[in-house]
Each structure stands twice: as C-alpha cells, then as structure tokens.
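Enquirer: Starting from these lines, generate the structure:
(one chain, ligands or ions: 1)
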Amino acid sequence: MSSAVFSAYSRYYDLLYRDKDYSGEAHYVHELLGRYGVSTGNLLEFGSGTGIHGRLLAERGFHVYGIERSADMVARAEGSEGFSCEQGDICTVQLDRHFDAVLSLFHVISYQISNKDVLAVFSRAAEHLKDGGLFVFDFWYSPAVSAQRPEVRVKRMADDSVEITRIAEPRLFPNENRVDVYYTIYARELASGAIAVMEETHPMRHFSLPEIDLLCEMTGFKRVGTEEFLSGKPVGEDTWGACVILRKRAKT
Ligand SMILES: C[S@@+](CC[C@H](N)C(=O)[O-])C[C@H]1O[C@@H](n2cnc3c(N)ncnc32)[C@H](O)[C@@H]1O
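Expert: Here you go, the predicted structure:
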C-alpha cells in the first residue's frame with residue numbers, strides 16, 4: 001500500500017468515523033492493558049492516524065507517542081499533554097527508546113499485507129518494548145472473513161459544510177488472505193452543491209491465530225490473550241475484529 005492511501009481519505013477521516021466510539025475503545029484498551037499489568041507508563045502507538053486514541057489514553061494518564069505514515073493524518077493529529085506523534089513507517093521506525101506497550105488500533109496490522117512487512121512490524125514492536133512489555137493490536141480475523149465474506153457497504157456522514165458518501169466495494173483474494181476494498185468517496189459541499197469524487201484502494205490482510213503464533217515465535221513474543229475487540233468475547237467465525245495481547249519474551 002502506498003503512502004498516498006489515506007491522503008485524500010484523511011480530509012474526511014474524522015467525519016467518516018464520527019460515529020466510532022473512540023472513548024469506549026480507550027476505556028477498553030486501558031482496562032485491557034491493566035489486566036496484563038500495564039496500568040500506567042509509556043505507550044508507542046503504531047498507525048496513530050489523527051491521534052484520537054492517543055489523546056484519550058493520554059487523558060487517562062499514559063504518555064503516548066504515535067507513528068503514522070500519512071503526512072496528512074499527522075498534520076490533522078493535534079498534540080496534547082501526554083500525546084505527540086511523528087510521520088514514519090512502522091516497518092522501519094527506530095526510536096532508540098523502550099516502551100511499556102506498543103498499540104496498533106483499528107486494523108492497522110491488516111494494512112501490512114506482505115509477510116515481509118508483517119514480520120518487520122512485529123520486529124519493530126519487539127525492539128521498542130521492555131522485556132515483558134505488551135504488543136496489543138486488533139486485526140481482521142480469517143475465520144470470520146471466510147465465513148461471512150465482506151459485502152458492499154455505503155456510509156453517509158455530514159457536518160455543517162459537507163456531506164460524505166462512501167461506497168466500499170470489496171474484492172477477495174482468498175489464496176492471499178487478502179481483501180482489496182475499493183472506496184469511492186463523494187464529498188458534496190453543502191453551500192455550493194459542488195461534488196468532489198475520490199477513489200482509493202485499501203488492500204487488507206486477514207490473519208489466523210496459527211499465523212500470529214508463528215510471527216510471535218519468529219520475533220520473540222508469546223500470545224498471552226485473544227478476544228474480540230471491545231466485547232472481550234472468545235473469537236470465532238462471527239469475530240471480524242479480533243484482538244491479541246502479545247508479551248515480549250525476555251532474552252535467555
Ligand atoms: C484505519 S486507520 C487507523 C488510524 C487510527 N489508529 C485510528 O484508530 O483512527 C489505519 C492507519 O494506519 C496507517 N498505517 C498503515 N500502514 C502503516 C505503516 N506501515 N506505517 C505507519 N502507518 C501506517 C494509515 O496511514 C492509517 O492512518
């Protein structure tokens with residue numbers, strides 16, 4: 001996926017996801033980290049987007065540093081006390097710091113479609129964690145994608161000045177664990193009626209637990225928890241968004 005993806009999209013990202021319960025998610029992540037022994041401290045966020053989770057977790061007492069590939073998303077991410085971010089690629093980032101946990105929220109890991117990139121992201125997470133630190137992320141879960149199959153979806157959101165209509169058309173590549181989502185976004189300026197049309201393709205990879213475990217073995221993690229993101233339910237064919245909690249193993 002090129003870094004141009006999310007550039008047009010980023011203009012309307014917060015409006016499109018205004019109905020997403022970021023505050024509930026920050027509460028869930030805070031509770032989840034606490035369950036695995038990280039109630040406070042320094043968090044590194046991979047794919048921090050416009051910084052909403054980061055700012056909410058900073059309000060809860062964490063120090064959060066975000067890495068985000070899209071310059072437009074970074075420009076839209078307001079810093080706050082306890083939260084800042086920089087443009088960078090989570091496959092190659094090198095900060096020379098160690099964190100209590102690395103987070104990656106809202107399917108960022110599913111944007112890493114090649115084995116090389118996924119392995120790189122796991123390795124970068126391990127390098128930036130203290131021994132025993134946590135790598136927590138949500139991702140598209142293969143059993144649910146195979147059982148339910150993605151469908152065409154239309155989403156419409158508006159504010160005082162613009163109405164956005166987004167059509168998402170998926171194309172499955174079953175032998176590659178991948179779904180390419182073709183987005184067509186119509187932005188209608190309410191005052192003038194002018195319509196701008198944008199198109200983006202988001203290739204998404206889905207993962208099974210044996211794949212995650214293999215990646216863990218290769219990069220020094222152990223999977224210590226697995227649940228449906230937000231609900232905490234066991235994962236299965238009805239779990240589109242799975243969440244894993246990986247612990248960095250101490251070097252022997
Ligand atoms: C669906 S958005 C999620 C953003 C944010 N975490 C949120 O919850 O709103 C996925 C984000 O991951 C970023 N991303 C994907 N691959 C990346 C990479 N290799 N390095 C840095 N950021 C990446 C994209 O630019 C995009 O902002």
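Enquirer: which residues in the stretch 51-200 of the chain form helices?
Expert: Along the stretch 51-200 of the chain, the segments classed as helices by DSSP state H, counting those that start in this stretch run 52-59, 71-76, 115-127, 142-148.
Enquirer: Quick one: list the elements packing against the longest one.
Expert: Put plainly, it is helix 115-127. Counting by 3 or more CB pairs under 8 Å, 6 or more residues apart in numbering; DSSP states H and E, the packing neighbours recorded for helix 115-127 are strand 42-46, strand 99-104, strand 129-141, helix 209-219, strand 221-228. C-beta coordinates here come from the backbone N, C-alpha and C atoms, glycine included.
Enquirer: Can you report how many residues neighbour the residue in the chain positioned nearest to the ligand?
Expert: Residue nearest to the ligand within the chain: Gly49 (2.6 Å; CB to the nearest ligand atom). Applying other CB atoms under 10 Å, we find 25 residues neighbouring Gly49.
Enquirer: from memory Ile164 sits against Leu16, does it?
Expert: Yes - in this structure, Ile164 is within contact of Leu16 by CB atoms under 8 Å, at 6.0 Å.
Enquirer: what residues are shared contacts of the two?
Expert: Lys155, Met157 (CB atoms under 8 Å, 6 or more residues apart in numbering).
Enquirer: Dump the helices and strands packed on helix 115-127 to JSON lines, plus distance to Val154.
Expert: What follows is the helices and strands packed on helix 115-127, written out as JSON lines (distance: least, CB to CB, whole Å):
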{"stretch": "strand 42-46", "distance to Val154": "30"}
{"stretch": "strand 99-104", "distance to Val154": "28"}
{"stretch": "strand 129-141", "distance to Val154": "20"}
{"stretch": "helix 209-219", "distance to Val154": "32"}
{"stretch": "strand 221-228", "distance to Val154": "25"}
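Enquirer: Same list (those) but as TSV, adding mean neighbour count, distance to Tyr36 and mean pLDDT.
Expert: TSV is the format used below for the helices and strands packed on helix 115-127 (neighbours: other CB atoms under 10 Å; distance: least, CB to CB, whole Å; pLDDT from 0 to 100):
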stretch	mean neighbour count	distance to Tyr36	mean pLDDT
strand 42-46	25	13	98
strand 99-104	25	8	98
strand 129-141	22	6	98
helix 209-219	16	15	98
strand 221-228	16	7	98
